[in-house]
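Engineer: Quick one, structure for this:
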Amino acid sequence: MKDSRSILGQRRDYSDRFVKNIGELIEADTLRREREARLQPKAAEPSEEQKPNLITIDDSTGILDKKSALNGATKTQDHWIEHWNGVNGERYFASMRDMYDAFKQIKQDPASHKKLLANLRKDFKENWVVTSTRIFYNADDLGARIVHHYGSGNDSLKTEFTLDVPIYRRVDISTALGNQSGIDYLQAFFGTEDNSDTIIETLEYVGGKNKKDIYLWTPDQDSRKSVSERAAWLYYLDGFRLGGYFIIGRSFGVRYAEDGQ
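Structural biologist: Predicted coordinates:
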């Protein structure tokens, strides 16, 4: 009869190898998508005629479109910036702050946002959801700038945070939020002052995943040195994942009330 401790040790070894293999597959898929995005032609700057009429935005919460743009089309962040800067009317390329604000609206009033929640989960599962939030990484340290509404023709939309962004390679959200650097990162990433519990509860509700299956992903130092600018995104793979890479994905529009209307 085999020693039960030996059997348990083998099972633990298989489990560890399985997690390692999953991590390697995820990394390979992420890098593949990143390479594809970098091969896309550079987006052109919008002409004066293409720029929308602008309104001044205060700290009011935006209203997210009920479905992703152009019937689920995928583009790089630069090409989505080009698209949204050319849209007539007061609709903009949603930032990660807008997405998080929408998540809170959904959680607070789920009956009014059933369609949006269903479409978000569908998009997370089928592709990446890219936002207008861009992260600028330092090449030689953990320093970074997170800019919401990067590239927008309306400067009043832009907000910026300067901070250290830890290296996260499939790190669960509870672990990340267990120290101040993780709290600072996610507050800047979502443009919020919410505490750790509120952030986790909001993402659990909208993502439909337990906190142990919500992961963070940021580039390592070598990747930051080779590609310093990354788009902020959300999607499903082995769980509900959020991070910053340069990839192709879907986007959402957001609109704001003028003069508080």
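Engineer: what's the helix or strand for Y205?
Structural biologist: helix 196-207 (DSSP states H and E).
Engineer: next structured bit after that helix?
Structural biologist: strand 214-217.
Engineer: Give me the distance from that following strand to the chain's centre.
Structural biologist: 10 Å (C-alpha atoms, centre = their mean, to the nearest Å).
Engineer: quick one: average confidence on that strand?
Structural biologist: Average pLDDT, strand 214-217: 94.
Engineer: Renumber starting at 245 from here on
Structural biologist: All set: I'll call the first residue 245, so the last point we hit is now strand 458-461.
Engineer: packing partners for it?
Structural biologist: strand 413-416, helix 417-420, helix 440-451, strand 484-489 (3 or more C-beta pairs under 8 Å, 6 or more residues apart in numbering; DSSP states H and E). Bear in mind the C-beta positions are built from the backbone N, C-alpha and C, glycine included.
Engineer: What pairs with it, parallel or antiparallel?
Structural biologist: strand 413-416 (antiparallel), strand 484-489 (parallel) (DSSP bridges).
Engineer: right, so these: which one is the most enclosed?
Structural biologist: Looking across the strands paired with strand 458-461 with neighbours counted as mean count of other C-beta atoms under 10 Å, the highest average goes to strand 484-489: a mean of 23.
Engineer: Just the mean pLDDT for that one, thanks.
Structural biologist: 81.
Engineer: cool, stretch 404-423 as well?
Structural biologist: Stretch 404-423 carries an average pLDDT of 96.
Engineer: How far away from the center of its chain is it?
Structural biologist: On the basis of C-alpha atoms, centre = their mean, stretch 404-423 is displaced by 13 Å from the centre of the chain it belongs to.
Engineer: now do stretch 346-361
Structural biologist: How far stretch 346-361 lies from its chain's middle: 18 Å, per C-alpha atoms, centre = their mean.
Engineer: Alright, that wraps it up for me.
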